[in-house]
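J.: give me a model of this one.
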Amino acid sequence: MKEAFLAVDVSLETVERLVLVQEDLAGLIKARGGKVRWVEPARMHLQLKSLGWIDPALLFDVSEVVGRLAGALVPFKVSVKGLVAYPSPRQPRLLLAKIEQGADLVGQLHKVLEKHLGAMGIESSEARPYEAVIQVGRVLTPKGTVDLSDAMEEVKGLDFGESYVKDVMLLVSSLQGSPQAVVHKRFALG
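T.: Coordinates of the predicted model:
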């Protein structure tokens, strides 16, 4: 079995700006008694759909469907603006950068992938509705011990730049619990 998901790259400029915010927040979170596992710069991307643990034989079929869908779409631009804490700044578990411009197009792309991959039996594994975000960090401290309300207020409007969505990546990890996913295949839009 392999764990797989679909994602799109974000620009180097966006990644660099997100890393600067990670550095700024690291000291604050530590000073407040918290711990955080930051997403490495090479792993920052906009996830479109988790495919979960799938049989490697299914990767060919997934590639066929995603390649056909991607080829029918036109490349587009997204802007990344603002950092938020989920589920709330008072009890953060995830730190996420939000997609502003182009979020509707990313949402439509997600919906199309859900529909076509769902027809193959690959159902959504997400409990909450899809939101176009980039995971920046995971707060490991027990809930309620690190209140980031003031910090999130300061970063909610930061501009992290623009990215050009020109392809969809199929990423695969073969070791359970391994943080290392590799690009299995890229599918060009248009």
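J.: show me where the chain has strands.
T.: Taking DSSP state E as the criterion, the chain carries its strands at 2-9, 36-38, 45-54, 76-88, 91-99, 133-139, 159-165, 167-173, 182-188.
J.: tabulate the ones you listed (TSV), appending mean neighbour count and mean pLDDT.
T.: C-beta here means a position set from N, CA and C on the backbone, and glycine is covered the same way. Below are the strands of the chain laid out as TSV (neighbours: other C-beta atoms under 10 Å; pLDDT from 0 to 100):
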stretch	mean neighbour count	mean pLDDT
strand 2-9	20	93
strand 36-38	16	95
strand 45-54	19	92
strand 76-88	19	96
strand 91-99	21	95
strand 133-139	20	96
strand 159-165	19	97
strand 167-173	19	94
strand 182-188	14	94
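J.: and those strands: which comes nearest M120?
T.: strand 45-54 (9.9 Å; C-beta to C-beta).
J.: I figured E100 hits K77, correct?
T.: No - with contacts counted by C-beta atoms under 8 Å, E100 stays clear of K77, the gap being 11.0 Å.
J.: so where's the longest helix in the chain?
T.: When the chain is parsed with DSSP state H, its longest helix is helix 12-31.
J.: the residue located most distally from the centre of the chain and L113: what is the separation?
T.: Largest separation from the mean C-alpha position in the chain: A31, at 27.2 Å (C-alpha atoms, centre = their mean). According to C-beta to C-beta, to the nearest Å, A31 and L113 sit 41 Å apart.
J.: and if you look at L148?
T.: 32 Å.
J.: same deal with D167?
T.: D167 is 14 Å from L113, by C-beta to C-beta.
J.: what's the answer for L69, then?
T.: Distance from L69 to L113, by C-beta to C-beta: 7 Å.
J.: looking at these two, which one has more neighbours?
T.: L113 (23 against 18; other C-beta atoms under 10 Å).
J.: does that one touch L6 like I think?
T.: Yes - between L113 and L6 there is a contact under C-beta under 8 Å: 6.2 Å.
J.: overlap in contacts of the two?
T.: Counting by C-beta atoms under 8 Å, 6 or more residues apart in numbering, the residues touching both L113 and L6 are 48-49, 66.
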